[in-house]
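# Task: produce atomic coordinates for the following.
(4 chains)
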2 protein chains.
Amino acid sequence: MVKERVTVIDIARAAGVSKSTVSLVLQGSSLVNEATRAKVNAAIRDLGYVYNRSAANLRQAKSKIIGIVVNDLTNSFFAELAVGVDAVVQSAGFVQFLANTGEKIERQREVVASMREHGVSGLIVSPARGTDAADLAPLVESGIPVVLVVRDIAGAEVSSLISDNHSGAMAAVRHLIERGHQRIAFLGGFPDTAVFEARMRGYRDALIEAGIPVSDALVIGSAPSRAGGVTAVEQAMMLADRPTAALCFNDAVAFGVCDGLRARRLEPGADFAVIGFDDVIEAKTAVPALTTVSVDPQGMGQRAAELLLKQIKAGKAEPEAIVGSVRLVVRQSCGAQVERKREALA
Amino acid sequence: MVKERVTVIDIARAAGVSKSTVSLVLQGSSLVNEATRAKVNAAIRDLGYVYNRSAANLRQAKSKIIGIVVNDLTNSFFAELAVGVDAVVQSAGFVQFLANTGEKIERQREVVASMREHGVSGLIVSPARGTDAADLAPLVESGIPVVLVVRDIAGAEVSSLISDNHSGAMAAVRHLIERGHQRIAFLGGFPDTAVFEARMRGYRDALIEAGIPVSDALVIGSAPSRAGGVTAVEQAMMLADRPTAALCFNDAVAFGVCDGLRARRLEPGADFAVIGFDDVIEAKTAVPALTTVSVDPQGMGQRAAELLLKQIKAGKAEPEAIVGSVRLVVRQSCGAQVERKREALA
DNA sequence: TGACGGAATTGGAACGTTCCAATTATGAAG
DNA sequence: CTTCATAATTGGAACGTTCCAATTCCGTCA
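Next up, the predicted model:
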């Protein structure tokens, strides 16, 4: 059962040419005669040849692998991000090496090291919570192109692609204010992250802009998950002066908030306005459909991949920091009655 | 910026030993003297050496990579499966190569080929819809260990790990019957898949066992997604003789069914009983908490990985077909009032 | 006929590791 | 002071590819 490995030399022998010619065929070179190419390809098929990338990498030192490291694969935001990356990476003839750190710095160190050992030619990283510039230093010094997504890291000399969290949050809160809300909460997320910080500042700035007093009691952190949303809204409803609306840290939290509201017999969208952040794929089909700040995770993955490929091609250009624009998608969960039918037909 | 590559020879020179000794240190051999080992390790740190796995693979022909191929990463069932695999694979010193096929056979062919080229020493595959034994033949003939998960493929000579879909579905439907339901629907899923087939047969067999007539009108396929669940339940509610309960193809569909019910002002759990399949992580925290047949995706990933590692170690044993047991987890969505508090505290 | 030039092909040296067989150092036993 | 076993180290060949420089082939032109 265990076959002898078929090499380029076996192919050469079978096709009656030299190994160099076979190599040329493998690389699709135009230098080789059509008839010869056909003979070689036939031999490749007949013998069941499998290209050995390790050998090739060894010689040419530029693999066709790009790595992507995410901090929480069970969060569908990151799964979609990975799918977006995969789409463009694939069509550029690269293959994707995906690893999940589960927010653990130590694990992140390991997977990044492992990817370097495998010779990835670029890396897309959504850093684990608490990653600092020093953690990334050995990686960036090695000169391999890196693109940070979702979370930027101060002082790291690499390109980054994050979304405009501040203005997205402002837009959402402005919308709630326009609809007459005054007691607006900010629910969910770990307060020690840059993303939380930016979204929360946007929330505050919108309140200040409208002359509404900001209250720390209305900012309630939690795990950035559905379960976290449930506990955050429970806590919010314990307050003496309850909020009537909330901007949530992300969509997962927002779904949890809806769940928590229902558990208290409050109907999200009717009795309490909720807005999410990210626009994951379920946001549109949930009932009520979730009003959310659209970050378009797949699109973000695509852009990150394009940026990385550009850098790989250019052989490391200046780091660029792109902040992707973001837009409020108004659906039902914030109390708007609009567009029900149009969305349903889409 | 672009550094010269540091090799084992540079280390050897710096530490005043031969490259063979460095290699021994790298492999943690007990043959090398403590003092020498320390010197070598110091040199490795100082020079910023990065191990080159391509070169190692070339020589020893057994990589530390295992591949995992899933058909839909945006479905959190598969994301969790991958996380489970990662956990055990990692602690065995392997690294995981994850690819998403998006249910496309052609793409699956490509990623499997690419993984072989990279010399993976084993493969866990959740096959794309419509994969048949012939698609897998070249892979299994190559002698590399393969474990099929979630979906089995008739005639493929490989190990598989699937869940007991038939008895899970029966248990769920029996439960609905015990609660007095007679008009029970089976909602969602693509009818041309083996998993659909098994779950649907379980559904029918439970009805037959109870002497309830089975009606084809009550079996309504759809995409196995949240959106699919919405459309399936809409269709079900158009029937002259409406169902009062449903077993859903999977949890995603079940969530969609809940959404669709609410859109018609029906409360899942109170006005209509719904049961899902899989027990994804959100099932517990959703409101109402989803009654579902627990498949434990992470656990499944772990077992698949253990099975694969065993085969890799053994150098390809007989294929085994494991069907994992499955249990009904009763929560709120099927109308049970039980255990509300206990789950909430957990 | 000989020289020329482009197209096609080729041999051999790399790439960075591992592994084998061989060598040298280190003590202990005679 | 030899002899031996054991521990530690080592040189060189191999792994399967790519790439360079060199070579052969073949038709065309003077």
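
# What degree of burial does residue A:306 show, as a neighbour count?
A count of nearby residues for residue A:306, using other Cβ atoms under 10 Å in any protein chain shown, gives 16. No exception for glycine: its C-beta is placed from N, CA and C like everyone else's.

# pLDDT score assigned to it?
The model reports residue A:306 with a pLDDT of 96.

# element containing it, please.
For residue A:306, the element it lies in under DSSP states H and E is helix A:297-314.

# which strands and helices sit next to that helix?
strand A:65-70, helix A:76-91, strand A:123-125, strand A:146-149, strand A:159-163, strand A:321-324 (3 or more Cβ pairs under 8 Å, 6 or more residues apart in numbering or on different chains; DSSP states H and E).

# pull the CA atoms of that helix into PDB?
Output in PDB follows, covering the C-alpha atoms of helix A:297-314 (Å, rounded to 0.1, in the frame of the first residue of the first chain):
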ATOM      1  CA  PRO A 297     -16.000  40.800   7.600                       C
ATOM      2  CA  GLN A 298     -15.600  39.000   4.300                       C
ATOM      3  CA  GLY A 299     -14.800  42.200   2.500                       C
ATOM      4  CA  MET A 300     -12.300  43.100   5.200                       C
ATOM      5  CA  GLY A 301     -10.600  39.700   4.800                       C
ATOM      6  CA  GLN A 302     -10.400  40.300   1.100                       C
ATOM      7  CA  ARG A 303      -8.900  43.700   1.500                       C
ATOM      8  CA  ALA A 304      -6.400  42.400   4.000                       C
ATOM      9  CA  ALA A 305      -5.400  39.700   1.700                       C
ATOM     10  CA  GLU A 306      -5.000  42.100  -1.200                       C
ATOM     11  CA  LEU A 307      -2.900  44.400   0.900                       C
ATOM     12  CA  LEU A 308      -0.700  41.500   1.900                       C
ATOM     13  CA  LEU A 309      -0.300  40.200  -1.600                       C
ATOM     14  CA  LYS A 310       0.700  43.600  -2.800                       C
ATOM     15  CA  GLN A 311       3.400  43.800  -0.100                       C
ATOM     16  CA  ILE A 312       4.600  40.300  -0.900                       C
ATOM     17  CA  LYS A 313       4.900  41.200  -4.600                       C
ATOM     18  CA  ALA A 314       6.600  44.500  -3.800                       C
END
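
# Select, out of the helices and strands packed on helix A:297-314, the one closest to residue A:249.
helix A:76-91 (11.4 Å; Cβ to Cβ).

# which residues of chain A score low on pLDDT?
Along chain A, segments meeting pLDDT under 70 span A:1-3, A:316, A:336-346.

# which bits of it sit near DNA strand D?
A:5, A:7-9, A:19-20, A:23, A:26-27, A:49, A:51-52, A:55-56, A:58-60 (Cβ under 7 Å from any atom of the strand).

# Quick one: buried ones out of these?
Among the residues of chain A next to DNA strand D, the ones that count as buried by 16 or more other Cβ atoms under 10 Å in any protein chain shown are A:7-8, A:23, A:26, A:49, A:52, A:55-56, A:58.

# Can you add secondary structure and give the residues you listed back as CSV?
What follows is those, written out as CSV (DSSP: H, G, I helix; E, B strand; the rest coil):
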residue, secondary structure
A:7, coil
A:8, helix
A:23, helix
A:26, helix
A:49, coil
A:52, coil
A:55, helix
A:56, helix
A:58, helix
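
# just the helices in chain A please.
Ranges of helices within chain A are A:8-15, A:19-26, A:34-47, A:53-60, A:76-91, A:105-117, A:133-141, A:165-178, A:194-209, A:226-238, A:251-263, A:282-285, A:297-314, A:340-345, based on DSSP state H.

# could I get these as JSON lines with distance to residue B:76?
Converted to JSON lines, the helices of chain A look like this (distance: least, Cβ to Cβ, whole Å):
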{"stretch": "helix A:8-15", "distance to residue B:76": "43"}
{"stretch": "helix A:19-26", "distance to residue B:76": "39"}
{"stretch": "helix A:34-47", "distance to residue B:76": "40"}
{"stretch": "helix A:53-60", "distance to residue B:76": "32"}
{"stretch": "helix A:76-91", "distance to residue B:76": "6"}
{"stretch": "helix A:105-117", "distance to residue B:76": "20"}
{"stretch": "helix A:133-141", "distance to residue B:76": "28"}
{"stretch": "helix A:165-178", "distance to residue B:76": "24"}
{"stretch": "helix A:194-209", "distance to residue B:76": "21"}
{"stretch": "helix A:226-238", "distance to residue B:76": "11"}
{"stretch": "helix A:251-263", "distance to residue B:76": "11"}
{"stretch": "helix A:282-285", "distance to residue B:76": "10"}
{"stretch": "helix A:297-314", "distance to residue B:76": "14"}
{"stretch": "helix A:340-345", "distance to residue B:76": "23"}
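
# Just say which of the ones you listed is most tucked in.
Among these, helix A:251-263 has the highest mean neighbour count (mean count of other Cβ atoms under 10 Å in any protein chain shown), at a mean of 27.

# Packing partners of it?
Against helix A:251-263 (3+ Cβ pairs under 8 Å, 6+ apart) you get helix A:76-91, helix A:226-238, strand A:245-248, strand A:273-278, helix A:282-285, helix B:282-285.

# Quick one: these as TSV, columns for distance to DNA strand C too.
Output for the helices and strands packed on helix A:251-263, formatted as TSV (distance: least, Cβ to the nearest atom of the strand, whole Å):
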stretch	distance to DNA strand C
helix A:76-91	25
helix A:226-238	44
strand A:245-248	48
strand A:273-278	41
helix A:282-285	46
helix B:282-285	44
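
# In CSV, list the ones you listed along with distance to residue B:296.
As requested, the helices and strands packed on helix A:251-263 are exported to CSV (distance: least, Cβ to Cβ, whole Å):
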stretch, distance to residue B:296
helix A:76-91, 19
helix A:226-238, 18
strand A:245-248, 29
strand A:273-278, 27
helix A:282-285, 22
helix B:282-285, 11
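
# so which of the ones you listed gets nearest residue B:104?
That would be helix A:76-91 among the helices and strands packed on helix A:251-263, by Cβ to Cβ, at 11.0 Å.
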